[in-house]
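*Asks:* generate a structure from the sequence data that follows.
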Amino acid sequence: MTVPFAVASIILENKQILLLKRSNAAVSCPGKWVCPGGSGKINETPEEAVIRETKEEINLDFVPTKLYNFQKKLSGEYSKFLGTFSGQPEILESEIQEFAWFSYEEAIKLDIGFNFSDTIESLKEGDLL
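*Replies:* Numbering: from 1, shown residues only. This next block holds a predicted model:
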């Protein structure tokens, strides 16, 4: 049996982070702000999954360059990647209602989902945000 896994792309530009607001109809974290990402598929690596999920959700070509955070829990494995991107953000999935770039000061005031608040704090401590 394959352990379920989820991935997220941490997209930074000019000390700002790209976050997506999930639709109020989304099954997980409705109405909350998150990084692009999602669940991996069978026979897919975390790197392949983060590239696919970022393209599917926000139409960016994401290239993971560093595993920023990895957590292994009973429910599965969770990988967050830093990386480079190209393209212009565009919402492609119905579970996303909007996107925006945020500074650290703006991001910490948002209603954040999927434990990305810890990621935002860590990025600030590392002087990335």
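*Asks:* tell me if I'm right that Cys35 and Ser9 touch.
*Replies:* Yes: the pair Cys35 / Ser9 is scored as a contact, 6.1 Å apart, by Cβ atoms under 8 Å. C-beta here means a position set from N, CA and C on the backbone, and glycine is covered the same way.
*Asks:* tally up the residues packed near the nearest residue to Gln16 once chain neighbours are set aside, please.
*Replies:* Among residues not flanking Gln16 along the chain, Trp101 sits closest, at 4.2 Å (Cβ to Cβ, 6 or more residues apart in numbering). Trp101 has 16 neighbours, counted by other Cβ atoms under 10 Å.
*Asks:* could you say which helix or strand holds Trp101?
*Replies:* strand 96-102 (DSSP states H and E).
*Asks:* what are the buried residues along the helix or strand following that strand?
*Replies:* Counting by DSSP H and E, the element after strand 96-102 in chain order, helix or strand, is helix 104-107. By neighbour count on 16 or more other Cβ atoms under 10 Å, the buried set for helix 104-107 is 104, 107.
*Asks:* anything in contact with each of Cys35 and Ser9?
*Replies:* Taking Cβ atoms under 8 Å, 6 or more residues apart in numbering as the criterion, Cys35 and Ser9 both touch Lys80.
*Asks:* what about the longest helix in this protein?
*Replies:* helix 46-58 (DSSP state H).
*Asks:* and it, what's buried?
*Replies:* So, applying 16+ other Cβ under 10 Å, buried residues of helix 46-58: 46-47, 49-55, 57-58.
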